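> structure for the following, please:
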Amino acid sequence: MHVHITSSPLYSGYNSLLFTDSFWSVIGVAHAKSTLEAGFTTIRNVGSEGYADVGLKQAIDAADALGQTGQVGQIKAGAWGDLVGVRGDPLSDVRVLETPVFVMKGGQTVRKP
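Next comes the predicted model:
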C-alpha cells in the first residue's frame with residue numbers, strides 16, 4: 001500500500017508549510033497507530049521530510065508507536081504473542097504445520113495436544 005503517512009489532507013498545499021517537521025512526525029505516529037490497528041502491517045511511505053518515516057519505522061519495530069514496548073514483537077515471558085509450535089522445520093517441510101504441538105494467542109495457550 002502506498003501512503004503519505006506523515007501528511008494530512010486537512011493541511012494540503014501551502015497550508016502544510018505552516019507546520020514544523022516535528023508536527024508531521026506526530027501526525028505520522030497517529031496515522032501509523034490507526035493503520036496498524038486496522039490490521040495493515042506493511043505500507044510504503046512516500047514523501048517524508050527529515051527522515052520522519054525512518055524514526056517512525058524504528059518506533060513501530062520496538063512497539064513504541066502502540067505504547068506496547070516490551071509486550072509485542074518479542075518472544076519472552078510477559079510479552080504478548082501469537083505462536084504456533086511445531087515439531088520440525090516448516091521451511092524444510094511445510095506439512096509440520098498440519099499437526100501443531102501448541103497454539104498461543106495473545107500470550108495465552110489456546111490449544112494443546
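> can we go C-alpha only for contacts and neighbour counts from here?
OK.
> for the helix of greatest length in the chain, packing partners?
The residue-count maximum for a helix in the chain (DSSP state H) belongs to helix 21-37. Packing partners of helix 21-37 (3 or more Cα pairs under 8 Å, 6 or more residues apart in numbering; DSSP states H and E): helix 52-61.
> could you list the domains of this protein?
2-66, 81-113 (automatic domain parsing).
> pLDDT below threshold where in this structure?
1-2, 41-49, 61-74, 80-81, 113 (pLDDT under 70).
> that one: strands as residue ranges?
Applying DSSP state E to the chain gives strands spanning 2-3, 44-45, 83-85, 102-105, 108-111.
> pairing partners for the third one, with directions?
Read it as strand 83-85. strand 102-105 (antiparallel) (DSSP bridges).
> and for the last one?
Strands adjacent to strand 108-111 in the sheet, as given by DSSP bridges, are strand 102-105 (antiparallel).
> I'd say residue 56 and residue 26 touch.
No. Applying Cα atoms under 8 Å as the test, residue 56 and residue 26 come out as separate, 9.3 Å apart.
> more crowded one of the two?
A direct count of neighbours by other Cα atoms under 10 Å for residue 56 and residue 26 places residue 56 higher, at 20 against 15.
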